[in-house]
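Visitor: structure, please.
(one chain, ligands or ions: 2)
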Amino acid sequence: MPKADTQDLELLVIPGDGIGREVTDQACRIAEWFIGRGMRLSLRRIAFGLEVWERHGCLMTAETLAAIRASRAILFGAIGGDAYDDIPLDIVRSQGLLRIRKELDLYANLRPVRTWPSLEPICPLVPALARGVDLLIVRELADGLYYGEPRGISTDADGARTGINTMRYSEASIRRIVRAALEVAATRSGRLTSVDKSNVLETSQLWRRVMLEEAAARPEVAVAHMLVDNCALQLMRRPGQFDVIVTENLFGDILSDEAGAITGSLGMLPSASLRFGGKAAGRQGLYEPVHGSAPDIAGRGIANPLGAILSLALAFRFSLDAPQAADLLEAAVEAALADGARTIDIMHAGGRQVDCNGMGDAVLAALDILAPATSGRG
Ligand code: IPM
Ligand code: MG
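Guide: Ligands and ions are numbered 1, 2, ... in the order given. Next up is the predicted model:
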């Protein structure tokens, strides 16, 4: 195996909480396969989340934050668990995942959603509707209700409490995300659906105006506007009508879980969080499966690692200058599924039940078949 040297790109792996560790372990095994085939990449694991809280009373140390700032690509597992109920929300906000996203200003969150032919039986939609779905949700990730001030829970003189959050969107925040979505849509089918709630919210009215202005500068992309409640319905009614969807932070959070149902399991969904503008290759990015920490199954080794593995593929494509490796890895996932490998969440599609590690094995075996080594694995 080639030795890592200072020329190697680094993938910073943050397993985090719950099943984050199990699924990122499998993604690391896959990354090591590519390193064995000559990819100039080194892996560095770093602690984050509850284990750090127990030892240091914080979710991430200053060194962790510095490593995050300096890294080109971060593979993040998950954050969450019952123990967070006892951690003040402002600490979670200032030291958790939202801080990482904000710190790196990763405002464009790409969540590809596709159906896999082998998983058709677990899609809740009839096959005619589900077949061939291949859409991309572009979620604004650095603004909106998640970050807006004022926020908090206030108590008045009579002891009555009020919860406050603020949905705030500057023109600049909207402009950069809709530009990113237009750029992405231009490289796909040229169809973009902008999702808002402009019949009620001023933020959405501004969103729609800015979207129209930016769309005028990109005539090659056909932009449609859709209200978010209707979009939730249309995703289940006729998902094939969508190619790229762009929307604000909270709407994107909700719609992407809903869209996960089309795939059959949230465990299948990867994501990439990026900044746009400038050179596309080699962008700094945060890569995370869309699923959470799943405390109910954590530590049992049965989680589906494909969301994490497909997130690694996105890291190859967008940050690590290895688009061919990304294509190969996605093909290997498809082959592993076609060969019948099923973690428990996708088991009702029929096939052979494997655990988290077994799914990693299946993808590695598929890689070996799709790209046989010429002179051994090194
Ligand atoms: C997601 C998650 C996160 C979010 C949580 C864990 C903060 O639901 O990435 O979709 O709401 O953004
Ligand atoms: Mg979510």
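Visitor: neighbouring contacts of stretch 66-75?
Guide: If you take CB atoms under 8 Å, 6 or more residues apart in numbering as the criterion, stretch 66-75 is touched by 9-14, 24, 27, 44, 46, 60, 100, 103-104, 282, 284-288, 308, 311-312, 315, 319-320. Yep, even glycine has a C-beta here, placed from its N, CA and C like the rest.
Visitor: state the helix or strand in which the residue lying closest to Ser198 once chain neighbours are set aside lies.
Guide: Nearest non-adjacent residue to Ser198, counting by CB to CB, 6 or more residues apart in numbering: Ser204, 4.0 Å away. Using DSSP states H and E, Ser204 sits within helix 202-216.
Visitor: name the residue of this protein that lies nearest to ligand 1.
Guide: Taking CB to the nearest ligand atom, ligand 1 has its nearest neighbour within the chain at Asp253, 4.5 Å off.
Visitor: sort out for me which of the contacts of stretch 66-75 are in helices.
Guide: Under the assignment DSSP state H, the contacts of stretch 66-75 contribute 24, 27, 100, 103, 308, 311-312, 315 to helices.
Visitor: now tabulate these in TSV and tack on pLDDT, distance to ligand 1 and neighbour count.
Guide: TSV is the format used below for the ones in helices among the contacts of stretch 66-75 (pLDDT from 0 to 100; distance: CB to the nearest ligand atom, whole Å; neighbours: other CB atoms under 10 Å):
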residue	pLDDT	distance to ligand 1	neighbour count
Thr24	98	15	28
Ala27	98	17	31
Ile100	94	11	23
Glu103	92	15	13
Ala308	98	13	33
Ser311	98	11	27
Leu312	98	17	28
Ala315	98	16	28
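Visitor: and which of the residues you listed is nearest to His348?
Guide: When the ones in helices among the contacts of stretch 66-75 are ranked by distance to His348 (CB to CB), Ala308 comes first, at 21.4 Å.
Visitor: list the buried residues in stretch 138-153.
Guide: Neighbour-count burial for stretch 138-153 flags 138-148 (criterion: 16 or more other CB atoms under 10 Å).
Visitor: now do stretch 229-242
Guide: For stretch 229-242, a neighbour-count test (16+ other CB under 10 Å) marks 231-232, 234-235, 239-240, 242 as buried.
Visitor: what's the most distant pair in those?
Guide: Ala232 and Gly240 (16.0 Å).
Visitor: show me where the stretch 201-350 of the chain has its helices.
Guide: Taking DSSP state H, counting those that start in this stretch as the criterion, the stretch 201-350 of the chain carries its helices at 202-216, 228-237, 249-263, 306-318, 323-338.
Visitor: out of these, which gets nearest to Arg37?
Guide: Evaluated over the helices of the stretch 201-350 of the chain, closeness to Arg37 peaks at helix 323-338, with 8.6 Å, by CB to CB.
Visitor: which bits of the stretch 201-350 of the chain sit near ligand 1?
Guide: Contacts of the stretch 201-350 of the chain with ligand 1, taken as CB under 6 Å from any ligand atom, map to 253, 290, 292.
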